[in-house]
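# Sequence plus the predicted model coming up.
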Amino acid sequence: MRPAHGYARMSEPQHTELITALHGPWRTATRLVIIVLPAAGWSAPEIADLLHYDPATVRR
């Protein structure tokens, strides 16, 4: 299976908009991602890097 980043192509402004949305009203969705990704084998630092959070926040 191809890695996810092979499918997702977006411009820098689109990426910034997505990250901004994750920190706004979509906070519940962000929390769900933080819950689901460890079950898929992601570490806290990897998730923090993906979502632009501090690893301590992800662990909490």
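Nice, I can see it.

# so where's this structure shaky on pLDDT?
For the chain, applying pLDDT under 70 flags the ranges 1-8.

# at 50 what do you get?
1-2 (pLDDT under 50).

# So which residue is smack in the middle of it?
By CA atoms, centre = their mean, the chain has its centre lying nearest to L51, at 3.4 Å.

# can you tell me which residues contact that residue?
By CB atoms under 8 Å, 6 or more residues apart in numbering, the contact set of L51 is I19, L22, T30, V33, I34, V58. In this view, the C-beta of every residue, glycine as well, is placed from N, C-alpha and C.

# what's the answer for A44, then?
Neighbours of A44 in contact, by CB under 8 Å, 6+ apart: P38, P55, V58, R59.

# how far away is T28 from L22?
Going from T28 to L22 by CB to CB, to the nearest Å gives 11 Å.

# Among the two, which residue is more densely surrounded?
Taking other CB atoms under 10 Å, T28 and L22 do not tie; L22 has more neighbours (18 against 8).

# Tell me how far the more buried one lies from P13.
Shown here: L22 relative to P13, a distance of 15 Å by CB to CB.

# check contacts around P55.
A44, P45, I47, A48.

# and with 6 Å instead?
The contact partners of P55, taken as CB atoms under 6 Å, 6 or more residues apart in numbering, are A44, P45, A48.

# Please identify which of the residues you listed is nearest to R9.
Proximity of the contacts of P55 to R9 (CB to CB) peaks at A48, which lies at 23.2 Å.

# Just the helices from this structure, written as ranges.
Counting by DSSP state H, the chain has helices at residues 12-22, 27-39, 44-51, 55-59.

# Please write out the alpha-carbon positions of stretch 42-52 in PDB.
Output of stretch 42-52 as PDB, limited to C-alpha atoms (Å, rounded to 0.1, in the frame of the first residue of the first chain):
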ATOM      1  CA  TRP A  42       1.900   6.300  15.500                       C
ATOM      2  CA  SER A  43       4.000   7.700  18.400                       C
ATOM      3  CA  ALA A  44       3.200  10.900  20.300                       C
ATOM      4  CA  PRO A  45       6.000  12.800  18.700                       C
ATOM      5  CA  GLU A  46       4.900  11.800  15.200                       C
ATOM      6  CA  ILE A  47       1.300  12.800  15.900                       C
ATOM      7  CA  ALA A  48       2.500  16.100  17.400                       C
ATOM      8  CA  ASP A  49       4.600  16.800  14.300                       C
ATOM      9  CA  LEU A  50       1.600  16.000  12.000                       C
ATOM     10  CA  LEU A  51      -0.900  18.200  13.900                       C
ATOM     11  CA  HIS A  52       1.600  20.900  15.000                       C
END
